[in-house]
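Trainee: Sequence isn't available, so here's the structure alone:
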């Protein structure tokens, strides 16, 4: 009940207001306060990665998963929750999590929408995952490159 959805503001100013208005209207129609949608301004990469630590959980998108944004979240210390699918674009989050140096990463890979929602609610209410996850590190590029 205290959660917010933190979204990156669209890069084109002329589209930003339309997108924000449409998302807020959709939230309101769904019975969700539009104030629970937070739009982050675009900033340089270093600041973007640093502010990731302010979040509690990165929700990967269904059907077409996050790619570089998911990597940014992991590098910023933000746990990534993903729904594994059948295509390459639906398995990126799973691949990233399997590359983590963490015994908790596999618990963030879900295989149904119901499981995805259940795990998201569990993490949001327990607040323990972020603490445990923060002790993990995303491998650096040099350690990954040696595998190819």
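Mentor: Looks like it came in fine. Everything numeric here is computed off the predicted structure, so don't read it as measured data.

Trainee: and the helix of greatest length in the chain, what other elements does it pack with?
Mentor: For the chain, the longest helix by residue count, based on DSSP state H, is helix 13-29. Here helix 13-29 touches strand 37-40, going by 3 or more C-beta pairs under 8 Å, 6 or more residues apart in numbering; DSSP states H and E. In this view, the C-beta of every residue, glycine as well, is placed from N, C-alpha and C.

Trainee: How about the strand it packs on, which residues are buried there?
Mentor: residue 37 (16 or more other C-beta atoms under 10 Å).

Trainee: Can you give the contact residues for that strand?
Mentor: 4, 5, 6, 7, 8, 9, 16, 20, 23, 24, 27, 51 (C-beta atoms under 8 Å, 6 or more residues apart in numbering).

Trainee: Of all the residues in the following helix or strand past that strand, which ones are buried?
Mentor: Next helix or strand after strand 37-40 toward the C-terminus (DSSP states H and E): helix 45-51. Across helix 45-51, burial judged by 16+ other C-beta under 10 Å covers 48, 49.

Trainee: model confidence over helix 45-51, on average?
Mentor: Helix 45-51 shows an average pLDDT of 89 in the prediction.

Trainee: For it, report the contacting residues that lie outside it.
Mentor: Against helix 45-51 from outside (C-beta under 8 Å, 6+ apart): 40, 42, 43, 72, 75, 76.

Trainee: With distance to residue 104 added, can I get the residues you listed in JSON lines?
Mentor: Below are the contacts of helix 45-51 laid out as JSON lines (distance: C-beta to C-beta, whole Å):
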{"residue": "40", "distance to residue 104": "26"}
{"residue": "42", "distance to residue 104": "30"}
{"residue": "43", "distance to residue 104": "29"}
{"residue": "72", "distance to residue 104": "19"}
{"residue": "75", "distance to residue 104": "17"}
{"residue": "76", "distance to residue 104": "17"}
